[in-house]
Structures are given as structure tokens and as C-alpha cells.
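> fold the stuff below for me.
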Amino acid sequence: MAVRKARSLLNFGAKLRVVDPKPSESIKALSLTLLSRPYRSPEDLTGATVVIAATDKKELNNLVAQDARAAGIPVNVVDDPERCTFFFPALVRRGELVAGISTAGCCPRFSALFREYLDAALPPNVGEVLELLSLERQRLPSSERIQRLDSLIVPLLTGIFVL
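Sure, this is the predicted structure:
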């Protein structure tokens, strides 16, 4: 699960630092800063803008979450929604189109399955269609944008979903 989140964050340009005494080969293969040691103190969070506590030790996850909250850093504690100050959505990405699904931690499996459903429902070229819509938007005077774009987008969405 942590590897999937790391990959997703990297795909959005995040700079990651992982503190893990026994990092998996999957983590080692990612483009991130790796500290191959146990979490030591709040200093390990210095410079972080978000924190993910994803160990298999509840006490350690609690400590990391407590330190992050004390430092004013948003924290996600894997499999412990009560300790989270934010939740990761399950993401579908097609070019510049990004759709996120979240259950605010109450049922991550629902988010994952819904993401799979949405991923299968979206045409593979919807990102390219969005690029064309962006060009059309730039070309149109602002007074004509909404009506013209709606005339293009609504049929597209109707073809994908039952509206």
C-alpha cells in the first residue's frame, strides 16, 4: 500500500523521503530519498509538507502521527482513519484529467473498487479530448466559453455515463 501511494505522489512531482529500517526492493527502486534506519524523532519530519505513517507497528504509527500533528504537518496513518488529518483519494488519471475518490477513511476498499470502475468506464483517449477542449477554451472569447464547451462536453459525458 505504501509503495502505491509513493508511486502516485511521485507521478504528481512530489519529492519523497522515506524512513524505513528495512525498505522493500519496490521502495528502493523509486526515485526518492531513503533513510534506511528506524524513525528517531520529530527531526525526521523536518521539511516535510505531509507525512504518511505506514509501518506495521501501531505504536510507531501513533508516535509519528503525534509528532506530525505537533509540528502542524498533515498526516495520513495507513489503516487508522481516526489518526489521519487527511485522506488519500483513489486516483484515476488520463493526461491532465485527474479524478479522486475518497470515503474519508471509512471504507478504502470501496474507493479502490470505485476507482477501478471509473478507470474502466473512461475512454483511454479522454486525456487527449481534454487537451482539445483546452485549446478550444483558449480560442473562444470568454462570453462564448460556457455555452460552446457545454455543447461539446455534455455529449461526451453522456456517452460515458448515464446522466
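
> burial check on residue 132, number of neighbours?
Counted with other Cβ atoms under 10 Å, the neighbours of residue 132 add up to 11. Yep, even glycine has a C-beta here, placed from its N, CA and C like the rest.

> who touches it in this structure?
The contact partners of residue 132, by Cβ atoms under 8 Å, 6 or more residues apart in numbering, come to none.

> what pLDDT, on average, does the one helix or strand it maps to get?
Element membership for residue 132 (DSSP states H and E) is helix 126-139. The pLDDT scores in helix 126-139 average 93.

> ok, which stretches of this protein are strands?
Under the criterion DSSP state E, the chain contains strands at 17-19, 33-35, 51-53, 75-77, 90-94, 97-101.

> just the buried residues of the helix holding residue 132, please?
By 16 or more other Cβ atoms under 10 Å, the buried positions in helix 126-139 come out as 126, 129, 130, 133.

> if you drop the residues flanking it in sequence, what lies closest to the second one?
Among residues not flanking residue 129 along the chain, residue 156 sits closest, at 6.5 Å (Cβ to Cβ, 6 or more residues apart in numbering).

> would you mind measuring from the one you found to residue 137?
14 Å (Cβ to Cβ, to the nearest Å).

> centroid-wise, who is the farthest residue in this protein?
Distance to the chain centre peaks in the chain at residue 143, reaching 34.5 Å (criterion: Cα atoms, centre = their mean).

> tell me the pLDDT of it.
Listed pLDDT for residue 143 reads 91.

> which residues does residue 117 contact?
Counting by Cβ under 8 Å, 6+ apart, residue 117 has no contacts.

> swap the cut-off to 10 Å and go again
Residues near residue 117 by Cβ atoms under 10 Å, 6 or more residues apart in numbering: 92, 101.

> swap in residue 6?
Contacts for residue 6 (Cβ under 10 Å, 6+ apart) come out as 14, 16, 18, 26, 27, 30, 31, 32, 52, 54.

> of the residues you listed, grab the buried ones for PyMOL.
Restricted to buried positions by 16+ other Cβ under 10 Å, the PyMOL selection for the contacts of residue 6 reads:
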select buried, resi 16+18+27+30+32+52+54
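
> good, wrapping up.
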